[in-house]
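>>> predicted model and sequence follow; I will ask about them next.
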Amino acid sequence: MKVNLTRRRFIKAVIASSAVATQAGCQLNAKDLNAKSSVERLIALDINGKTRRVDVLPMETLANTLRYKLGLTGTKIGCNRGECGACTVLIDGVPNYSCSTLSHSVRKRQVQSIEGVAKADGTLHPIQEAFIEELSPQCGFCTPGQVMSAVALLNENPKPSREEARQALSGNICRCGAYDHYLNGVMRASGQSDE
Amino acid sequence: MSNYKHIGKDFVPPDIYGKITGKAKYAEDFRAEGMVFARMYTSPVAHGRVTNIDTSAIDNMEGVVGILTADDVPSVEAPNAAILTNSPAFIGDPILAVAATDEQIAEDALNKIKVQIETLPFAVDPLDSLVEGGPDAREEGNVFARSREGSGFKRIKWTKKQVDEFRAGKEPTGEHASEWVYGDPEKGFNEAALIIEQPFVTTGYAHMSMEPRTAMAYWENGTCYVYGSAQSQSFWLPGLARLLGVEQDKVVLISENTGGGFGSKIGAYPAAALPGYFSKKLGRPVQLRITREQEYYIGSARVGFQGWIKLGFAKNGKMTAGDVYIIEDIGPNATGGDGSSAGDAISLLYDPESMRFRGVPVLTNTTPRGAQRGPGQNQIAAVMAPLMDQAAKSLQIDRLEIRKINAVNSDTTAYKDQRPLTSAYMKEALEKGADIFEWQKKHSRKSDDATKVRGVGIGQGYHSAGTKGFDGLLRIASDGKVHLHSGVGNLGTYSYASTTRAAAEVLKCNWEDCIIHNGRTDNNLPWSSYQAGSVSTYAQTRTNYVAAVDAVRKMKNIAARIHGGNADDYDIDGRNVHHKTNNKSSTYGEIAQAAIDLGGEFSGIEYPDDIHDITKRSVQNIAGTGLVGVAKDKLPQQGIIPGLAAAFVEIELDLETGKYEILDYVGIAECGTVVHPQGLAAQMKGGAVWGMGMAGLERHVFDSQNGLPANIGYHQCKIPTYLDVPSVTKTSAVDIPDPQNPFGARGIGEPAMGCAVAALTSAISDALDGYNFGRTPISNDMILNYVTGNNQSFKPLQTNNF
């Protein structure tokens, strides 16, 4: 599916998902909710091109499912309330905050997490290569989210201007302040490193 | 530029692959068999006394496995931070914890526990506590002064008149807790052609590291394994062992990656020890996940200032005297020192002929404070910059010129005892920055838009940037690989790796033949410096240097034993130890095998007496497995090791909104030899972002009626985003070697921020025709209120609660 990634669409995705009442800071376990729930719990999710069957609670966020059910800890939880972007994943190619997305809402959709960016043989994505060459990460905690937003951008716009890259990544906070080097990485990955 | 093989060259730090693929593990990413989850009950009141805890409602609750209270952990003397307390001194102070099979059950259990707390008076603004009749943040007093002579509580009160006069901008006359003087300030002011004075406020704000300080712990064969979020590595061990009440060799800290610290994770903090106690009590691994909200409570914050400063200048622009009085908002716990450090920074950066500092560290019932990137130095950098501009304007001297006239140099003496410096080249930094920024062209540029004004500013930053006396450790294996042991902590600066290249430089080996060992204290790490205070580049290049020098000595000695002659007859080339005049040689691998065969000091069976116990244990573990280079850094060092930076910024300020855009930013590092160019650029740019946040965005707000913090999420205490900072920031370095480091290197992390916040307060003042808010942050609404002639929303010197 061709995804028309616009800032408006990105913002809409964030607003829609932030309506989810996340249990701030709580990691859920299947045992704590009774079995009478009308929501189907065992669901199949398409994660990084693989079908993953997983027991998901009704109010469980995608970040929780990825990290604690599927062991995909590359997705980081920095705020758990849709403010920082460390948990960014792509849903049908669109960056979303997985801390503010219900896992049940992504059935029949393609979810890509940081673990699915490099090829199975270990070949890195051009964004990952460029982030290494530009020494983009500092502490690295926000980096998976930065990679995901940058990958989504280049999928839609292979030759973004630096300003377009700045806008596209603006939902990803970096406390180390590595913004300049991340943007350098995006420009390098798109073959515009001299810009 | 030098002809180094590794120093001054970029490289790929090994941990970066994990960061860009998601494979890097942070504390919360670890799990252990049988692990349970702890949640904390934190104080809902700003100051109080726990009178009763009723846990009967969860006695038989399914899934709950245990409760930990202040009775289960060592009590600490106020105002030190406790793991758990019955005397909460801020909202969010941890009182007890519950462990359960999942976090939801633990959270539900907390809601059923009844905690009775007797409330006590509290203070959120230091001046409210300092005024007579005002509340004390601790029952023992409202001031906690730390000094070499001894630390202790005091109860200091000013009359209402004294507080009012201070608010009105007059020199404070109330009692202070500490004072130092050098020279004769009275004479300096008498002889000054210009005297300027100004009250000021720098509001505190949280560190806000991206990774909350989650910790997990378990006990195995009598040793506590702690998976924590730590800035430093080896340096954490003594503190962590002390917190856990065990010997240092009974603790292992695993901290492979740390999601930011900025001063808040330098040494072991109480929350990191909680899972250890809980795990011991339960006999199971325990993870304490810290939420973003809790990170605001216990994650530490910058010390705030309310102060007054007076500066005297000779007609030629030279600063003749300085007088600064700082009330430090130190929060509820034992911390502080920012005030005196600010005084030190003035004495060094501007080299006044005489100076006095007075300070009062006042306790408040707000977020606990700690060192934050340039603690003291960076607050005062923001205060000083517009004052230097004001002096320049009054004396009709160019703003760049007055800074050059007062610029710190290698002959400067600083601090109260007027110590020498290892070297300093601020004038060169200013000139380089002015050149790249095109100062002469830009400083009179006007906006094309009638509703906008341009402003340019210059900032200077300083922090001491080095230490000494730590140990270096490396091992050359019989396959020729060089194993570099780095115990300095992986904070994101990459200095854990870049400083090991000092050893590779001495050994002349290829980087591909080097393997770094770090990330967990049982990885046979040496006693390394703290990863803080901008010290690691200076300190750890020295430790790696001495370890490598020790290795080379042993390699040559072994070669002489194998091939004959003296050790001095041999040299190394990166792969071989060879005779200087004949063709006899052995590879590094062969030499390492010979070291194993010889034993003794060559393979680490014997080691120097003066290395730290932590290093000794590591050497004992690797002894007999290769040629071991190990030594304590005893290289000569005298005086202050300065890290310096200068910045130039141009802004365009919208008079209709109060918002300003940063059009251009140039940051110049003066940190001796550049060790890792990309890493230096990252620090200079990241520091600039921090400075931009401090200048215009970040501050604490507490409700003065109940002490509730308003800042418990990123959007409530906004840090700069991509859209708040320039898309491109330019950086460069003076790159003149320091004589007291084998490679000429000094540190830079903290001045990188100080120069930026100073450049911005200078530029904002410039855009507003010299108006000086005397306050950080300078928010858009403050600018708009000033431009439109409206009153500000705070009274003079008010802090934390507007």
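Yes, it's here.

>>> and stretch A:146-166, is it in reach of chain B?
Yes - residues of stretch A:146-166 are located near chain B by C-beta under 8 Å from any C-beta of the partner chain, namely A:147, A:162-163, A:166. C-beta: built from backbone N, CA, C; applies to glycine.

>>> which PyMOL command selects the buried ones in those?
Of these, the buried ones can be selected in PyMOL as follows, counting by 16 or more other C-beta atoms under 10 Å in any protein chain shown:
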select buried, chain A and resi 147+166
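
>>> among the residues of stretch A:146-166 next to chain B, which pair sits farthest apart?
Longest distance between any two of the residues of stretch A:146-166 next to chain B is 20.0 Å, between A:V147 and A:E163; criterion C-beta to C-beta.

>>> show me what contacts B:A647?
Counting by C-beta atoms under 8 Å, 6 or more residues apart in numbering or on different chains, B:A647 makes contact with B:433, B:458-461, B:665-668, B:688, B:691, B:755-756, B:758-759.

>>> and chain A, which of those reach it?
Applying C-beta under 8 Å from any C-beta to these, those adjacent to chain A are B:A688.

>>> how is the nearest residue to B:Y607 once chain neighbours are set aside assigned, secondary-structure-wise?
For B:Y607, ignoring the flanking residues on the chain, the nearest one in space by C-beta to C-beta, 6 or more residues apart in numbering or on different chains is B:V619 at 4.7 Å. Look at B:V619: counting by DSSP: H, G, I helix; E, B strand; the rest coil, its state is helix.

>>> what about B:V619, distance to chain A?
Applying C-beta to the nearest C-beta, to the nearest Å, the value for B:V619 to chain A is 30 Å.

>>> wait, that residue touches B:R475, no?
No - if you go by C-beta atoms under 8 Å, B:V619 and B:R475 don't touch, sitting 9.2 Å apart.

>>> what's the overlap in contacts for those two?
Shared contacts of B:V619 and B:R475 (C-beta under 8 Å, 6+ apart): B:604, B:628.

>>> what about the spatially most central residue of chain A, which helix or strand?
Nearest to the geometric centre of chain A sits A:V89, at 1.6 Å (C-alpha atoms, centre = their mean). Element membership for A:V89, per DSSP states H and E: strand A:88-91.

>>> elements contacting that strand?
Using 3 or more C-beta pairs under 8 Å, 6 or more residues apart in numbering or on different chains; DSSP states H and E, the elements in contact with strand A:88-91 are strand A:94-97, strand A:110-112, helix A:143-156.

>>> returning to that earlier point: closest to chain A out of the contacts of B:A647?
Here the nearest of these to chain A, counting by C-beta to the nearest C-beta, is B:A688; it sits at 6.9 Å.

>>> ok, B:V630 touching B:D550?
Yes - counting by C-beta under 8 Å, B:D550 is a contact partner of B:V630 at 6.2 Å.

>>> quick check: phi and psi on the closest residue to B:S354 other than its chain neighbours?
Counting by C-beta to C-beta, 6+ apart, B:S354 lies nearest to B:G183, which is 2.8 Å off, once chain neighbours are set aside. Taking degrees, to the nearest 10, you get phi 70, psi -160 for the backbone angles of B:G183.

>>> which SSE is the closest residue to B:A24 other than its chain neighbours in?
Distance criterion C-beta to C-beta, 6+ apart; nearest residue to B:A24, sequence neighbours excluded, is B:G18 at 3.2 Å. Using DSSP H and E, B:G18 maps to helix B:16-21.
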